[in-house]
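> Take this sequence and fold it.
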Amino acid sequence: MTQREYYQLASAISGLGFGTRTVSIPDEQAKLAGLDRRLEDLRTDVAALDEAADRRVLASRKRGTSGPAPPRPLARWDFEGDLRDSIGSLHGTAVGPARTERGALVLDGTSFVATPPVQTDVAEKTLEAWVRLGTLAQRGGAAIAIGTRDGVIFDALVFGEREPGRWMAGSNNFQRSGSFDGSDEAEAEHRPVHVAIVYRADGTIEGYREGRPYGRPTRIAPLQGFAPGDAEIVFGLRHRPAGGNRLLTGEIHRAAFYDRALSPAEIAASAAAAGESVSEAERTAVLTDSERLRRTALVGEIEDVSRKRAKLAALAAVQVHTLTPGAGETVRVLGRGDPDAAGEIVPPGTTTAIASVAADFGLPPDASEAERRRRLADWITHEDNPLFARVVVNRVWHHHFGAGLVETPSDFGFNGGRPSHPDLLDWLAVEFRRHGQRLSWLHRLIVTSHTYRQASRPSDADPRGPALDADNRLLWHGPARRLEAESLRDAMLAVSGALDDTRGGPGFRDVSITLNNGTTYYEPLDTDAPGTSRRTIYRFSPRGSRSALLETFDCPDPSATAPRRTVTTTPLQSLALMNDALVLRMADAFAARIEAEQTGNVSRQVARAWRLAIGREPDADERRLSERLVTAHGLEALCRGLFNVTEFVVID
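Numbers count the residues shown, from 1 in each chain. I've put the predicted structure just below:
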């Protein structure tokens, strides 16, 4: 591979990094969907009661009983077909695809509306809006805000920025943003709700929802004022510049700005007089006693189900540290690898060593990361690439027989091994491709073959075999393969009856974690805490902390990669199978299982233990010795001994 080809390949895989992704847990997501359906049913029932009450309130208003006159704002926007201020001259201008539709300003989370500068001095003030949210999951968009055009100073009516599902008074660097400690919003996704924030001279900030106080007032900083011409009003944006979580998704049916602090009575009057908008207090007042009790029960159940949903939502998706795609990089050839000797820019590509497939991907140097990976995958699996099928079938053969037809599974070049059966390797590669490169077909072919089903000690073996092929590279008998460390641990858990076969979800930890001066230390623990009896594939395996049992049986160091595992035979392995704390605990659990299944009869207990651990009945000598061992030292001793039998550890 030339230096240029090396950097072409580096370009082909650039953009891949490490980071966190959110992964959904299917079982928990199904439960979450059930709660969502229940919430939808409950909210539908509440909405039916509310609609009936709203009709009564609106009918009462038409009869002239609408209550006190609402306060007059400095500016008001009704969004009836345009963005005009119906009182003054603060007419809005859309930035992006914001639009008016059916008497509402529609915002898609990428757009907003801004007014000209406010030409009066602003001290005390009130922000008011009737808002229908596109989703309750959004975090940080504002219905209405006042702030400088550079976004450095602002006050805003914000949803969900600090507390999910709650309204708050947004401000620059949260300088004036205390929690109202209000209730979670549950209705704004289905209908417009009235929300207002009042800023008083002493720095007190009050929140209101549907004309009633929302939570409790806050006061953490002095009132923020704006000089004439310094501030603009924006809708759908917390503050400039637009982007991130600052934009709102939903509809604003009406909005108003007051250059004074409204009283609670004025807030209630404004909420009640806003055309088709009905306050919570008005709605409750016109319900019958039975309707009011039913609505209270429904709202209570909504809150209960919402709490359950919030807890379950934390379990329904987990953060995993994995590969994360990013933007592809523009790569240059570095002379002798020196960053200060950057040369020509190279496009994504690979090596010309495989002449049958074009090494150039035909992409520009700034192509997207996804397109680079797609072209690399196409190049690897191209029908004219002869190596792909050969490498795949060799690796599968390696995992079934302990060694591949080529002993170096990651090196088919001049420095790698030579095939033990070259014609077989070619035939498998051709057939693998002919069968659609299906691994299931390949596994089935191998495990049903005569070669795979040979015994490791055949009675009719050719006596010349040991002299001609002592390493059994020609597979004149079946290879004896020791269980991998993880499979050995899982086998002990399974036969003892202690295996937790839970699939998916977070892994388990059998290490202690100590943080010291920026360094994390991991120490192995012997624990039988819930979850630690799951399959070893779910074990948290940090670098620098290896289980004594797993390490003794050649479980690889997670900090290093290797094409094949090292297989050793050492005295420590026998000692581990006799004395390791996990082995002792599993021997006790195995004995308890046998006692429960075959009470009192030693002969039956011995037979059951052999069938579970070894998969066969003991012969006469094995039975006699086993019964003697159980009589003298108990079932635990036999169970520990069976973990040490070669047939338990080695696949013949």
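> what are the bridge partners for residue 250, then?
With beta bridges defined as DSSP bridges, residue 250 has these partners: residue 107, residue 133.
> residue contacts, the nearest residue to residue 604 once chain neighbours are set aside?
Counting by CB to CB, 6 or more residues apart in numbering, residue 598 is the residue found nearest to residue 604 once chain neighbours are left out, at 4.3 Å. Using the backbone N, CA and C atoms, a C-beta is placed for each residue, glycine as well. Listed by CB atoms under 8 Å, 6 or more residues apart in numbering, the contact partners of residue 598 are 604, 605, 608.
> Could you do residue 567 as well?
By CB under 8 Å, 6+ apart, the residues touching residue 567 are 402, 482, 554.
> Ok, residue 251 next?
104, 105, 106, 107, 131, 132, 134, 192.
> Kindly recompute the last result at 6 Å.
Shown in contact with residue 251 (CB atoms under 6 Å, 6 or more residues apart in numbering): 104, 106, 132.
> And it, how far from residue 227?
The spacing between residue 251 and residue 227, counted by CB to CB, to the nearest Å, is 32 Å.
> swap in residue 90?
Here residue 90 is placed at a distance of 16 Å from residue 227 (CB to CB).
> And the two? Which one has more around it.
residue 90 (21 against 12; other CB atoms under 10 Å).
> mind showing which ranges of the protein have poor pLDDT?
Scanning the chain for pLDDT under 70 picks out 61-67, 274-280, 458-462, 544-545.
> Okay, buried residues for the host helix or strand of residue 129 please.
Residue 129 belongs to strand 125-133 when assigned by DSSP states H and E. For strand 125-133, burial by neighbour count (16 or more other CB atoms under 10 Å) applies to 125, 126, 127, 128, 129, 130, 131, 132, 133.
> again with stretch 140-151
Residues 140, 141, 142, 143, 144, 145, 146, 147, 148, 151 are the ones in stretch 140-151 that count as buried (16+ other CB under 10 Å).
> which among the residues you listed gets closest to residue 323?
Lowest distance from residue 323 to these (CB to CB) belongs to residue 140, with 28.5 Å.
> That closest one: what secondary structure?
Of the three states, residue 140 takes coil according to DSSP: H, G, I helix; E, B strand; the rest coil.
> now do residue 271
When classified by three-state DSSP, residue 271 comes out as helix.
> Could you do residue 318 as well?
strand.
> Secondary structure element for the closest residue to it other than its chain neighbours, which one?
The shortest distance from residue 318 to any non-neighbouring residue, by CB to CB, 6+ apart, is to residue 23 (5.6 Å). Residue 23 belongs to strand 16-24 when assigned by DSSP H and E.
> Check which element follows that strand along the chain.
As assigned by DSSP H and E, the chain's next helix or strand after strand 16-24 is helix 26-62.
> Give me the buried positions along that next one.
For helix 26-62, burial by neighbour count (16+ other CB under 10 Å) applies to 28, 31-32, 35, 39, 42-43, 45-46, 49-50, 53-54, 57, 61.
> ok, of these, which one's closest to residue 317?
The closest of the buried residues of helix 26-62, once distances to residue 317 are taken by CB to CB, is residue 28, at 7.9 Å.
> Quick one: residues contacting that closest one.
Contacts for residue 28 (CB under 6 Å, 6+ apart) come out as 315, 316.
> Could you measure from it over to residue 311?
To residue 311, residue 28 is 11 Å away according to CB to CB.
> how about JSON lines for the contacts of residue 251, with distance to residue 173 added?
Below are the contacts of residue 251 laid out as JSON lines (distance: CB to CB, whole Å):
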{"residue": "104", "distance to residue 173": "32"}
{"residue": "106", "distance to residue 173": "30"}
{"residue": "132", "distance to residue 173": "29"}
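> So residue 417 is in contact with residue 408, correct?
Yes - counting by CB atoms under 6 Å, residue 417 does reach residue 408; the two are 4.5 Å apart.
> re the thing from before, so which of the contacts of residue 567 wins on neighbours?
residue 482 (18 neighbours).
> That one reaches residue 648, doesn't it?
No - at 10.4 Å, residue 482 does not count as touching residue 648 under the criterion of CB under 6 Å.
> hang on, residue 142 packs against residue 156?
Yes - Residue 142 lies in contact with residue 156 (CB under 6 Å); the separation is 4.0 Å.
> which residues are common contacts for these two?
residue 238.
> my read: residue 486 touches residue 538, true?
No - using CB under 6 Å as the test, residue 486 is too far from residue 538 to be in contact (10.3 Å).
> Now for residue 154: which residues touch it?
Shown in contact with residue 154 (CB under 6 Å, 6+ apart): 145, 147, 172, 239.
> Run through the residues that contact the residue nearest to residue 437 when sequence neighbours are not counted.
In this structure, residue 437 finds its nearest non-sequential neighbour in residue 389, 7.0 Å apart by CB to CB, 6+ apart. Going by CB under 6 Å, 6+ apart, residue 389 touches 429, 432, 433.
> Could you measure from residue 389 over to residue 435?
Residue 389 is 11 Å from residue 435, by CB to CB.
> Residue 343 too?
From residue 343 across to residue 435, the span is 45 Å (CB to CB).
> now do residue 241
As for residue 241, its distance to residue 435 is 56 Å (criterion: CB to CB).
> Could you do residue 8 as well?
Distance of residue 8 to residue 435, computed by CB to CB: 33 Å.
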